[in-house]
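1. Here is my input, please return the structure:
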Amino acid sequence: MRSFNPRAVRLSLAALLLTVSVNAAAQGSRPAAQPDIRFTVSMPKPHTHLLEVEMRFAPPKVQTHVSFVMPVWAPGSYLIREFERHVQDFAAADAVNGRALAWAKTSKNTWRVESPGVRDVRVTYKVYANELSVRTNDLNDRHANWTNVGLLMYPEGHLNAPSTLRVVPFGDWKVATQLPAVAGEPNTFRAENFDVLFDSPVEVGNFKTVPFEVNGVPHRFVIDGEGNYDAERMRRDAQRIGEAQAALMGELPAKDYTFFTHMHTRDDGGLEHLNSSSLIMERNSFRNPAYYQYFLSLISHEYFHLWNVKRIRPDALGPFDYSRENHTKLLWVAEGITEYYGWHMVRRSGLLSEEDYLAKLSSVIDDVQETPGRLKMSVEEASFDAWIKYYRRDENSVNTQISYYDKGQLIGLLLDLEIRKLSNGAKSLDDVMRHLYAEFYKKDRNYTPADFQRAAELAAGASLENFFARYVRGREELDYNAGLNFVGLQLGDPSRPAVARAFLGADLAQEGDRLVVRRMYSDSAAYEQGLNTGDQIVALDGMRVNQQSFMARLNEKRPGDTLNLTLFRDDDLRTLSIKLDARPVRDYRILPVKQPTPEQLRQYRAWIGAPTQLGRASFRP
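-> Model prediction:
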């Protein structure tokens with residue numbers, strides 16, 4: 001997902017010669033016109049949550065001024081996060097004589113330093129770091145964790161310059177990063193450009209390391225915090241997933257790989273990096289089988305980004321502009337198809353039963369089909385608008401948006417099955433990903449939406465214009481059975497009679513002693529008859545209710561019955577009558593067809609991975 005840059009330092013002729021010799025040993029020869037850029041990050045008082053940064057910038061020739069820019073977003077997380085808001089105590093000086101240099105902010109994230117006659121500029125600043133997430137910075141008495149893109153500035157015009165990063169740990173803390181070490185300089189690392197530097201997180205503390213190999217390539221978990229995880233099981237299962245993905249793609253493009261894993265009591269999630277990923281897990285949930293499956297799917301998802309996004313790059317995703325949004329219509333491929341492979345490779349690794357895998361796909365179908373916004377927004381639109389919509393969802397988002405993760409995953413499933421069908425099983429989505437890797441990453445170019453469609457059509461041996469027009473660029477309902485039937489599956493049990501239930505169309509939440517309307521679904525009874533988000537429901541048909549009693553009584557109602565609600569809207573007491581809709585109860589389970597043919601069984605085995613049970617009595621509905 002990114003690209004690179006170099007530099008050179010000059011304090012005196014002797015210092016210059018020393019710098020050249022050290023850098024030549026660490027990095028090989030480089031053009032004389034490159035600047036020298038060095039960072040030092042220290043944390044002398046962890047309890048203050050302040051990371052202290054020193055940056056040295058020696059340009060190839062003296063400049064009258066230089067501007068230092070703080071990125072405003074983190075690649076892989078498509079939202080302007082305004083990292084500059086945490087910067088404080090900025091100062092600049094001539095590194096040779098210590099003379100203070102005048103500076104001024106020229107934009108929200110740019111500091112311009114006046115440097116006439118200065119050959120080596122020294123900039124210092126502090127960054128408040130008190131948010132543990134996969135895209136922000138965290139420093140406390142336990143550890144330091146940061147993403148360089150949210151901590152380090154770059155000199156304007158020099159994103160392609162190499163740099164070094166020296167970390168001064170607190171006390172006896174250790175340092176972990178994917179950046180290569182500079183020989184002979186403790187805790188000092190180099191980056192060939194800022195895209196590499198910004199894509200390499202850093203963990204400092206008393207972490208645990210769990211090493212393993214994938215096809216002879218060193219891998220490791222760097223684990224911060226305690227939990228009920230089984231380190232040996234994690235190592236073994238991650239190895240199996242890595243080997244399956246390397247076999248799929250044909251090679252491992254990294255010389256080493258790290259899963260930075262933070263054990264926490266809240267939140268979870270992950271973010272991909274060039275040769276690593278950052279994970280946050282619920283520390284005491286690993287013995288829950290469903291949660292462990294999620295953990296495996298998360299490491300599988302982030303690991304597949306090693307190819308998809310980090311090297312197979314959509315049009316706008318690398319090299320990056322760190323000062324503004326980088327729009328693309330291809331996040332449904334970058335994230336949605338990666339999510340498809342995330343779960344699919346856990347299955348192919350033999351770590352997920354076919355029943356559990358199909359149940360997972362069924363749950364995603366359920367989520368998408370219960371989202372009215374699926375008919376309002378295509379996955380290309382969802383991808384392009386991620387910056388203003390996906391990370392800023394509100395109570396109405398369900399009615400106007402669709403997740404490019406969820407629908408992209410399902411389109412990945414259906415595209416895989418469609419390619420298999422059109423090629424009679426000779427090709428699959430695997431061939432599309434390998435083609436993109438060979439023709440775009442290997443040839444150092446990014447792909448466009450048209451390129452992706454052509455790659456899919458090349459694998460299918462036929463036009464897929466109708467598929468892409470309806471499901472990718474368009475907003476039509478996905479035809480699940482068109483793909484599933486090819487491998488002997490179907491959506492739902494057609495022998496079960498259709499039933500309908502009373503439907504209010506509102507999600508409620510119990511907040512202390514208040515029953516609050518959290519969101520409403522468009523075209524539902526609640527939406528059309530005047531219920532509002534934020535309303536506090538006090539009574540139903542004259543009787544006080546909480547969430548449990550309200551749902552129990554709602555389940556007794558029939559379509560056409562009326563709910564008489566007493567509620568507070570802000571501070572005003574109101575009454576409201578709502579006539580309930582009839583809503584069909586839909587079956588979104590993926591099930592085997594009644595009598596799969598030998599050809600369906602063959603194609604199913606090729607898609608799902610052995611062992612399989614399709615066609616056996618134990619797997620029939």
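
2. so what's the residue most central in space within the chain up against?
-> Nearest to the centroid of the C-alpha atoms of the chain, with distances taken as C-alpha atoms, centre = their mean, sits Leu271, at 4.6 Å. Going by C-beta atoms under 8 Å, 6 or more residues apart in numbering, Leu271 touches Ala74, Gly76, Ser77, Val134, Arg135, Ser277, Ser278, Glu302. Quick note: C-beta positions are derived from backbone N, CA and C, even for glycine.

3. Sort out for me which of the residues you listed are in strands.
-> Using DSSP state E, the members of the contacts of Leu271 that fall in strands are Ser277, Ser278.

4. Show me the contacts of Leu271 that map onto helices.
-> Among the contacts of Leu271, the members falling in helices (DSSP state H) are Glu302.

5. from the contacts of Leu271, which is closest to Pro559?
-> Proximity of the contacts of Leu271 to Pro559 (C-beta to C-beta) peaks at Ser77, which lies at 43.0 Å.

6. Ala500 reaches Arg586, doesn't it?
-> No: between Ala500 and Arg586 there is no contact under C-beta atoms under 8 Å: 10.3 Å.

7. Could you list the low-pLDDT ranges of the chain?
-> Applying pLDDT under 70 to the chain flags residues 1-32, 610-621.

8. Now do the domain split for it, please.
-> 13-205, 214-304, 331-494+598-619, 500-585 (automatic domain parsing).

9. possible to save these as JSON lines with distance to Pro592?
-> Shown next, in JSON lines, are the domains of the chain (distance: least, C-beta to C-beta, whole Å):
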{"stretch": "domain 13-205", "distance to Pro592": "38"}
{"stretch": "domain 214-304", "distance to Pro592": "22"}
{"stretch": "domain 331-494+598-619", "distance to Pro592": "5"}
{"stretch": "domain 500-585", "distance to Pro592": "21"}
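
10. Which of the three states applies to Ile402?
-> coil (DSSP: H, G, I helix; E, B strand; the rest coil).

11. Could you do Arg122 as well?
-> strand.

12. how about it, what does it touch?
-> Taking C-beta under 8 Å, 6+ apart as the test, what Arg122 contacts is Glu54, Met55, Arg56, Ala92, Ala93, Asp94, Ala95.

13. change it to 7 Å
-> Counting by C-beta atoms under 7 Å, 6 or more residues apart in numbering, Arg122 touches Glu54, Arg56, Ala92, Ala93, Ala95.

14. from those, which would you call buried?
-> Among the contacts of Arg122, those classed as buried by 16 or more other C-beta atoms under 10 Å are Glu54, Arg56, Ala92, Ala93, Ala95.

15. And the contacts of Arg122, which is closest to Leu491?
-> Closest to Leu491, out of all of the contacts of Arg122 and judged by C-beta to C-beta, is Glu54, at 59.3 Å.

16. Toward the C-terminus, what is the element adjacent to the host helix or strand of the closest one?
-> Using DSSP states H and E, Glu54 sits in strand 50-58. Sequence-wise, the next helix or strand downstream of strand 50-58 (DSSP H and E) is strand 65-69.

17. and the angle from that next one to strand 50-58?
-> 140 degrees (axes from the mean of the first three to the mean of the last three C-alpha atoms, to 10 degrees).

18. So what are the sheet partners of strand 65-69 and their directions?
-> Take DSSP bridges as the rule and strand 65-69 pairs in its sheet with strand 110-114 (antiparallel), strand 154-155 (antiparallel).

19. what comes up buried for that strand?
-> His65, Val66, Ser67, Phe68, Val69.

20. other SSEs contacting the next helix or strand after that strand?
-> Next along the chain after strand 65-69, taking DSSP H and E as the criterion, comes strand 87-94. Strand 87-94 makes packing contacts with strand 121-128 when contacts are defined by 3 or more C-beta pairs under 7 Å, 6 or more residues apart in numbering; DSSP states H and E.

21. now the angle from the strand it packs on to strand 65-69?
-> With the same axes, to 10 degrees defining the directions, strand 121-128 sits at 20 degrees from strand 65-69.

22. sorry, back to before: dump the strands paired with strand 65-69 to CSV, plus mean neighbour count and distance to Gly488.
-> Output for the strands paired with strand 65-69, formatted as CSV (neighbours: other C-beta atoms under 10 Å; distance: least, C-beta to C-beta, whole Å):
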stretch, mean neighbour count, distance to Gly488
strand 110-114, 19, 59
strand 154-155, 24, 54
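
23. Turn these into JSON lines, including distance to Gln369.
-> Shown next, in JSON lines, are those (distance: least, C-beta to C-beta, whole Å):
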{"stretch": "strand 110-114", "distance to Gln369": "46"}
{"stretch": "strand 154-155", "distance to Gln369": "45"}
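
24. Go through these and name the closest to Gly609.
-> Set against Gly609 and scored by C-beta to C-beta, those come closest in strand 154-155, at 44.5 Å.

25. Can you give the distance of the closest one from its chain's centre?
-> Centroid displacement of strand 154-155 relative to its chain, using C-alpha atoms, centre = their mean, to the nearest Å, is 26 Å.

26. Please apply the same query to stretch 371-386.
-> 18 Å.

27. buried set for it?
-> Of all the residues in stretch 371-386, those buried under the rule 16+ other C-beta under 10 Å are 371-374, 377-386.

28. Shouldn't the residue nearest to the centre of the chain be within a strand?
-> Yes: under three-state DSSP, Leu271 sits within a strand.

29. how many other residues sit next to Arg324?
-> Arg324: 11 surrounding residues under other C-beta atoms under 10 Å.
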